[in-house]
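Visitor: Next come a sequence and a model predicted from it.
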Amino acid sequence: MKHLLKLADLTREEILSILNLADQLKYERKHGIPQEYLKGKKLGMIFQKASTRTRVSFEVGMYELGGYALFLSNRDLQIGRGEPVEDTARVLSRYLDGIMIRTFEQKEVEDLAKYGSIPIINGLTDYCHPCQVLADLMTIREKKGNFKGLKLCFIGDGNNMANSLMVGAVRTGMQFAIACPKGYEPDAALTAWAKENGSVTVTDDVFVAARDADVVYTDVWASMGQEEEKAKREKAFAGYQVNAALMEVAQKDAMVLHCLPAHRGEEITADVFEAHADEIFEEAENRLHAQKAVLCKLMK
Ligand code: CP
Ligand code: NVA
């Protein structure tokens, strides 16, 4: 594994190996065991979109591993003024040991990897969010023991989260069902691949998707970059909500996960969110452990 550009690039074994290392790193941190596996290494973090979890967990993660992280916002980098990504990649490769990038187009991440000579980590694009799903898988396995026989459902937009969760489910052998309004399905090519390689249902009926689900997942109706579609999306997604009535059809011990930030009263009700807050914030914590595992795999 040279980069983490999208989850589909990883084999099942590579994913499980990251999760195992993440569990180990979580244990070590809890018990105060030193973790300077990346002593002196430098990670650049390019952000073309806002972030709370990704930014803080990568920065703290590098610090805990004995390395250093540089926050590079598009307001400050020449990339924000149009310097080509091919040039940025070749320059930064001479200073740094790895780059994490959050941006719009998946192609920009792929181009960084193509033109640079250091590991590139996708910290979210419009297409996918692999770091988040590694943390999600870690959280599911912690709570459920393993992935065998589990059903993961996603309620809402067929966005970056839906795309990556679909891949994560296929790779770990979970059933995947998504309920989304017509016109908001996950990526068509990826869905075709997922249907060939796993058990995948795409429906516009939230109850069909959530029935007997072991994990109920949702995300915002309008993602970063879609702010001007907010009103249109509020209409389209009315009813695509994780609420008490929906949880009735899921398994009794179903987990609820959310990548955050959450919009209470839109994709999830406040009562369901609070009832599952322990799981959701454990999931947020696991971003740190899962990403430290990725950093070790790529940069050690
Ligand atoms: N879930 C997630 O990636 O959060 P941030 O946007 O805060 O990084
Ligand atoms: N789908 C959301 C995920 C945020 C972590 C977005 O792209 O804004």
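Guide: Thanks, I have it. Ligands and ions are numbered 1, 2, ... in the order given.

Visitor: hang on, A210 packs against F154?
Guide: No - with contact defined as CB atoms under 8 Å, A210 does not reach F154; the gap is 9.7 Å. For glycine as for every other residue, the C-beta is placed from the backbone atoms N, C-alpha and C.

Visitor: These two: who's more crowded?
Guide: Shown here are A210 and F154; by other CB atoms under 10 Å, F154 has more neighbours (30 against 24).

Visitor: ok, the helix or strand where that one lies near ligand 2 or not?
Guide: Using DSSP states H and E, F154 sits in strand 151-155. No - using CB under 6 Å from any ligand atom, we find that strand 151-155 stays clear of ligand 2, coming within 11.2 Å at best.

Visitor: Let me see the mean pLDDT of that strand.
Guide: For strand 151-155, mean pLDDT is 99.

Visitor: With stretch 260-271 instead?
Guide: 98.

Visitor: Just the residues contacting it, thanks.
Guide: With contacts defined as CB atoms under 8 Å, 6 or more residues apart in numbering, stretch 260-271 is touched by 52-53, 155-156, 218-221, 234, 237, 240-244, 256, 258, 273, 280, 284.

Visitor: List, out of these, those positioned next to ligand 1.
Guide: T52, R53.

Visitor: and whichever residue of the stretch 151-300 of the chain sits closest to ligand 1, what is it in contact with?
Guide: Going by CB to the nearest ligand atom, ligand 1 is nearest to C259 of the stretch 151-300 of the chain, at 4.0 Å. C259 is in contact with H129, Q132, D136, M161, D219, E283, counting by CB under 8 Å, 6+ apart.

Visitor: Go through these and flag which are in helices.
Guide: Within these, residues falling in helices by DSSP state H are Q132, D136, M161, E283.

Visitor: the strands in the stretch 201-300 of the chain, which residues?
Guide: In the stretch 201-300 of the chain, the strands defined using DSSP state E, counting those that start in this stretch lie at 215-218, 255-258.

Visitor: swap that for the stretch 51-200 of the chain, sorry
Guide: Remark: strands assigned in the stretch 51-200 of the chain by DSSP E, counting those that start in this stretch are 68-73, 98-102, 120-122, 151-155, 175-179, 200-203.

Visitor: What residues does the chain have near ligand 2?
Guide: Checking the chain against ligand 2 by CB under 6 Å from any ligand atom, the hits are L124, N159, N160, M161, D219, V220, S223, M224, C259.

Visitor: which of those residues count as buried?
Guide: L124, N159, N160, M161, D219, V220, S223, M224, C259 (16 or more other CB atoms under 10 Å).

Visitor: just the strands of the stretch 201-300 of the chain: most buried one?
Guide: strand 215-218 (a mean of 27; mean count of other CB atoms under 10 Å).

Visitor: which other residues reach that strand?
Guide: 136, 140, 144, 150-156, 161, 165, 174, 210, 241-242, 246-247, 250, 254-258, 267-268.

Visitor: can we see that at 7 Å?
Guide: Here strand 215-218 makes contact (CB atoms under 7 Å, 6 or more residues apart in numbering) with 140, 150, 152-156, 165, 210, 242, 247, 250, 254-258, 267-268.

Visitor: Ok, stretch 87-105 next?
Guide: With CB under 7 Å, 6+ apart as the test, stretch 87-105 has contacts from 41-49, 51, 54, 58, 79, 109, 111-112, 115-126, 225, 298-299.
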